[in-house]
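A.B. asks: structure for the following, please:
(3 chains)
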Amino acid sequence: MKGQEFLRELNEEQRAAVLAPDGPILVLAAAGTGKTRTLVYRVVHLIRRGIAPDQILLLTFTNKAAREMLERAEAAAGAAVSGLWGGTFHHMANRILRRHAPLLGYPPEYTILDREDAESLMKRIVKSLEVDSLLFPKADVLLSLISEAANSGGPIEELIAGRFRDLSEATQMQIREAVFRYEKEKRALKAMDFDDLLVNGLRLFREHPEVEAYYQNRFRHVLVDEYQDTNFIQAEWVNRLAAAHRNLFVVGDDFQSIYGWRGADYRNILEFQKVHPETQVFKLETNYRSTPEILAVANACIAGNPRQFQKVLRSTRASRRPPLAARVRDGEAQARFIISQVRRLLGEGVRPDEIAVLYRAHFHALELQMRLMREGIPFVITSGPRFFEQAHLKDVLAVLRLMRNPGDAISFRRLIRQLPGVGQRTVDRLWERLGGMFSALQSSARRTLEGLLPRKAVEDWRRIASAWEAVERGETPIKALDVFVERFYRVYAETHFDDPERRLEDIQETQRYMAKYDSLDAFLSEVALMTNLEAEEESTRRQGAPCLRLSTVHQAKGLEWRVVLVPWVVEGMFPSARSLAENPLGHEEERRLFYVAITRARDELIFGVPELRQMRDGGIMFCKPSRFLEEIPKGLLQEVRLPYV
DNA sequence: CCCATCATGGTTTTT
DNA sequence: CCATGATGGG
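C.D. replies: Take a look at the predicted model:
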């Protein structure tokens, strides 16, 4: 595209934001109003103005979003965008921390702990405290507490005192001890958990003004997508980054703030102008995505939330049929109904990948999944356990992680416990006798360990160790995994999993994926931070065939489909009972979540409203239609009741 | 001390 | 219904 021609692709609202002069800019972009396009063209505009791409930082909510934006910017601006920094807060913090980790007392090869790693670490700590297990919080509860403290920037002592006020003082003391040990152990492991990446990213700037000044100077323009979902640390971090040039361009929609439970605080967007008084504000309200009928429902839904920026979605599209609410008997009937709708749509020529089923929680889709499989309808799920958190992939990653970080006790335990005759106790003792580190790439260290192992473990141990020997001989890590699989893991997989072929294929897939990275550290960080959305995209890219999509509403953020079906729109499910119980403002966030689901739909929106729920104990529970449906004026929805079949 | 079996308890959302 | 945790035999 030449000259300013790209501006023709923008409407008045978007163009004003794209061309705005330097300074802090807040773009309030309602759903479907071309937020991504605005952000992309702002980047293009900056580059055309002569800003070097490596002076621009683009923070997005997922890496997928970053990649898409960069691809689009490249299409519009040519190869000129290369060098631009784009990705999630976690990624960018990691990228910066890898360079400066020693300033904070970490080696540059620090390991990133994913959720599972953190949980297993905490479990061991709780165990070592020898507490009365019935009255002591579970590891995941402790971790969520630590995370809450980190993300809100508040002191953890107060959180403990508040959340566990019913527990004895002695128990609270032990909780504080568990938290303390968790931090200490992470240090010993030379590892950071997800929150540490953000916390340390901020700490790096606070404690090292010369580093802060370097990045403040380097990034002349900072752009942030989905600003409504930033938390305390993230907001502080970007404020600091942009403090020198003051070119902070944030885009968001307070109506779509759905990560409050993770510390996101939409006051960041509401109060942006207070923090940056010279802010220019732009509103995008013209919706290009959905039919007027769908938007009417969206507007009616969000009207239930006061105290937010008032925005009304204006449609540009022609009318279609109104959204449909179908009352069905139960989950089974709902699954049959959804499948019949999918069949109808396919018959009308809708492509399967233009249809999505979006739900509040994974388990809402169980019945549907079974039925889809039984009926042979292909689908993809962007939910459930993350690709790289599956046991076999973590096993393989442990080989690599230990190679980079000799202090990684978690990987050590994982591998060594696979040896016959080695259980928890033995591995603990081994680790202690090794002095809390194991240099897998040194033959002397490997020999030392071999001498400490029980006799019957030695043969398998040598097989595992052959992977590291290969690296010592100068083989690549990818090749080393071949050795690991052929000498040890193939047999292990065949004897421990009921689907070894699939798992070995996953490993090959991982090796192919590794080939794209020029350093092992880069690969390992990427894998730790990769979401399902990104992993799944990787695998469908090869398989090709377009599929019906099943996803949580959270993971559907920023995406759109021609047809959206939402099951279980009943009280207790959507809104989720648990969310209402835990958070006094839970209903507002649930309503925003419902709004996000609605506004993903272009042409058709269909709700499933079962009348009863089969409980696990064999009983049944009657369901009330969701308050969010009741709030929508009659006439905006078409309601049907399906016969009991 | 390891490992398999049995019971129990608990189901939100994710970087 | 599934995963995790306790328990007891080897």
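
A.B. asks: give me the neighbour count for the residue of the stretch 201-350 of chain A found nearest DNA strand B.
C.D. replies: Per C-beta to the nearest atom of the strand, the residue of the stretch 201-350 of chain A with the smallest distance to DNA strand B is A:W261, at 3.9 Å. Glycine gets a C-beta too; all of them are placed from N, C-alpha and C. Here the number of neighbours of A:W261 (other C-beta atoms under 10 Å) works out to 13.

A.B. asks: helix/strand/coil for A:E158?
C.D. replies: When classified by DSSP: H, G, I helix; E, B strand; the rest coil, A:E158 comes out as helix.

A.B. asks: now for the helix or strand hosting A:R95, which elements pack on it?
C.D. replies: According to DSSP states H and E, A:R95 maps onto helix A:89-100. Where contact means 3 or more C-beta pairs under 8 Å, 6 or more residues apart in numbering; DSSP states H and E, helix A:89-100 is packed against strand A:56-59, strand A:85-87, helix A:194-207, helix A:232-241, helix A:520-529.

A.B. asks: and these: which comes nearest A:S576?
C.D. replies: helix A:194-207 (23.1 Å; C-beta to C-beta).

A.B. asks: just checking, what packs against the closest one?
C.D. replies: helix A:89-100, strand A:111-113, helix A:139-152, helix A:209-218, helix A:232-241.

A.B. asks: of all the residues in the stretch 451-600 of chain A, which one is nearest DNA strand B?
C.D. replies: For the stretch 451-600 of chain A, C-beta to the nearest atom of the strand, closest residue to DNA strand B: A:T531, 2.9 Å.

A.B. asks: pretty sure that residue sits against A:F61.
C.D. replies: No - judged on C-beta atoms under 8 Å, A:T531 makes no contact with A:F61 at a distance of 9.6 Å.

A.B. asks: how about whichever residue of the stretch 401-550 of chain A sits closest to DNA strand C, what does it touch?
C.D. replies: Nearest to DNA strand C, among the residues of the stretch 401-550 of chain A, is A:G423, at 9.2 Å (C-beta to the nearest atom of the strand). Applying C-beta atoms under 8 Å, 6 or more residues apart in numbering, we find A:G423 in contact with A:R417.

A.B. asks: got phi/psi on it?
C.D. replies: Phi and psi for A:G423, reported as degrees, to the nearest 10, are phi -120, psi -160.

A.B. asks: and the helices and strands packed on helix A:194-207: which comes nearest A:R15?
C.D. replies: Among these, helix A:232-241 sits nearest to A:R15 (C-beta to C-beta), with 24.8 Å.

A.B. asks: separation between the residue of the stretch 451-600 of chain A closest to DNA strand B and A:T382?
C.D. replies: 9 Å (C-beta to C-beta, to the nearest Å).

A.B. asks: got a pLDDT number for the one residue in the stretch 101-250 of chain A that gets nearest to DNA strand B?
C.D. replies: Residue of the stretch 101-250 of chain A nearest DNA strand B, by C-beta to the nearest atom of the strand: A:F194 (3.9 Å). For A:F194, the pLDDT comes out at 91.

A.B. asks: neighbours around the nearest residue to it once chain neighbours are set aside, how many?
C.D. replies: The shortest distance from A:F194 to any non-neighbouring residue, by C-beta to C-beta, 6 or more residues apart in numbering, is to A:H90 (6.3 Å). A:H90 has 19 neighbours, counted by other C-beta under 10 Å.
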